[in-house]
Structure formats: structure tokens, C-alpha cells
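[1] coordinates for the following, if possible.
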Amino acid sequence: MTHPGPDHALHPFSSQPSRPDFRWPGGTKLAVYLLLHLEHTEITPPADSHRDPRFRGAFFSGSPDWTGYTQRDYGNRIGAWRILNLLDALHLPASVAVNLMAAERHPELIAACRERGYEPVAHGISASRMTTSRLTETEEAAGIASVRDALAKIWPGATGWLGQDHGATAATTRLLAEAGFTYGLDWANDDEPYLHASGLLALPPPAEWDDVQTLHLRRVPVTRWPALVAEALDRLLAEPRGGRVLGLGIHPWLFGAPHRIRYLAESLSDLARRTDLHLATAGQLAAEARAALR
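    Below is the predicted model of the structure:
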């Protein structure tokens, strides 16, 4: 027999009209955060690792994966610095989804982000190791703890988690809460934050406004990006409800390329000009949302 709501017990079903309305600090209805990705892809991942199957064809050279490695290496060597300069010019805050291998291999980027006051978000071990149900619960818990502890020694302050390619199991939200994380960025089923049964806060991830999802995988022309973001902002601001969140996912290997950076600049410049948004880091929004949802 079919029951109303989801086919899992991770959180109860909650349709929009049944929820209390709330406003972000300053009385704004819409909050925005920027999520910069710092990622390392292994040339030869462990044999038992799993990678998102969407990355295939011309953008995957098997194992060893020279194509995937060199794409992300471009982002870490070149593209990230273009984006950092852009964020500096616009005085915008950022959260940084950083996987452990990138943090270990790029102290220069970690230092640059820390100096700017950016916030780290734990993003697994590497871009070539996706969490799947092939892991036992013990293995998954150990992996989460190892990333948490090792990243804290390099760049303390990560209170949130983003699964590599949003990989998760039925135990992930509970294991993250047990490991001390307060929010996650893997549930794209809402425009507003909500609480999982574990107490972990689900903050809406970039999803449709992630450059890899939109430009690379769905092949939306990059020229459409500024209008896509502006249309989403305008619609969310026009609707009566508050508590809305829109995140922008920015990968240096993609948006840091010289022929794409202008479109990111156009979009972020529009954000910086608006006075009806609450611009903050993902961690700040998660803390504010948790206080509002009590």
C-alpha cells in the first residue's frame, strides 16, 4: 500500500503551504551563497572506488584518467585565481567545497581562501571517489571521520558536508550528524532549508545553478547563464514566501576558463548590485535557518 510522502524515513514530507514562513536577517526573503569548488581528481583511483557515471565519453579516459585529472588541475593552477580576483573585485563572500586531496596538495589555494575569510565545506576525499551503497556503514562512517579530522588540521571550521557528486547512502544524513556536521548540501528537493530526522539541516544545494550540472552535463550554452540566474532570483523574490535559498556552484576548471569568466562576472555583478538579497556563506545561512526553524 502506498503511503503519503517519501519512500524513506530520513525526513518527513512537508509541502510548502504547511510550513511557517520566515525571513532572513534584514527582513529579506531570499538568501544567496556562492560555493567555490576546490577538487583533486586522481589519475589512478583505487580499484574499488566509484565515480559518477555521467562523466564519460570525451571527458573520461578510463584508468588512468588523465583527462579528468588535467581538467581539474587547470582549475587549481589557473582558473581558481581568476575567480578569486573576481570575488575580490566584487567584495563577495564564499564557501569553498574542498576535498581532502585538494587541501593536502594545494596549500597556496587554502591560504588564499583562508586569508579572504572564506568558509570550508567538507567535500569528501577526491573527485574520483563517490559515496555509494557499496560501502558498509562502518566504512562510510570511518571515511567521514577521516575527512573531518584531516581537513580540520589543514583548514578548521567546516560545519557542512557536500558529498562528491551528491553521493550518499540511507545512513549518510545520520552519520554526518553523528560526526558533528550541522548541515548538508546534497538534497535538491526544496527551495527552503529543512531538518532531517537526524537533526542535520538540509540547505538547498546549487543543483540547477551549478556550472557543471548546467553547462557541462546538460550542455546549456554559457551565454545563457546570467539570464538563468537572474530569472531564478526575480521569480523567488516575486513570490510571497520567505526563507528561500539559492546557491551558485562554481568550478574553477569550468568557469575559470578565459572564454567563460565574463559570464560569471556578469552574473556575480548583478548579485552584488542587488539590495534585496541576504548574501552569506552556507554555514552562516545554516545557522540562521536552524534558529528560525526551532
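
[2] endpoints of stretch 202-210, how far apart?
    This stretch, stretch 202-210, spans 17 Å end to end (CA to CA, to the nearest Å).

[3] what comes into contact with that stretch?
    Applying CB atoms under 8 Å, 6 or more residues apart in numbering, the external contacts of stretch 202-210 come out as 11, 35, 160, 162, 166, 173, 183-188, 190-196, 213-214, 228-229, 232, 245-249, 251, 282, 285-286, 289. (C-beta placed from N, C-alpha, C; glycine too.)

[4] filter the residues you listed down to the buried ones.
    Buried residues within those, defined by neighbour count using 16 or more other CB atoms under 10 Å: 11, 35, 160, 162, 166, 173, 183-188, 190-196, 213-214, 229, 232, 245-249, 251, 282, 285-286, 289.

[5] inside helices: which ones of the residues you listed?
    Secondary-structure check on the buried ones among the contacts of stretch 202-210 using DSSP state H: residues within helices are 173, 229, 232, 282, 285, 286, 289.

[6] need these in CSV (columns: pLDDT and distance to residue 18).
    What follows is those, written out as CSV (pLDDT from 0 to 100; distance: CB to CB, whole Å):
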residue, pLDDT, distance to residue 18
173, 92, 21
229, 97, 29
232, 97, 24
282, 98, 25
285, 98, 22
286, 98, 22
289, 96, 17
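
[7] tell me which two of the residues you listed sit farthest apart.
    Using CB to CB, the two most remote members of those are 173 and 229, lying 28.2 Å apart.

[8] quick one: which of the contacts of stretch 202-210 sit in strands?
    Here DSSP state E is the test, and the contacts of stretch 202-210 give 35, 160, 183, 184, 194, 195, 245, 246, 247, 248, 249 as lying in strands.

[9] closest one of the residues you listed to residue 276?
    The shortest approach to residue 276 among these belongs to residue 246, at 12.6 Å (CB to CB).

[10] separation between the closest one and residue 285?
    Counting by CB to CB, to the nearest Å, the gap between residue 246 and residue 285 amounts to 11 Å.

[11] then residue 277?
    Here the distance between residue 277 and residue 285 works out to 12 Å (CB to CB).

[12] swap in residue 28?
    Between residue 28 and residue 285 the distance, using CB to CB, works out to 11 Å.

[13] wait, a helix at residue 198?
    No. Inclusion of residue 198 in a helix is not indicated when DSSP: H, G, I helix; E, B strand; the rest coil is applied; the result is coil.

[14] so how many other residues sit close to it?
    Neighbouring residues of residue 198 were enumerated by other CB atoms under 10 Å; the total is 18.
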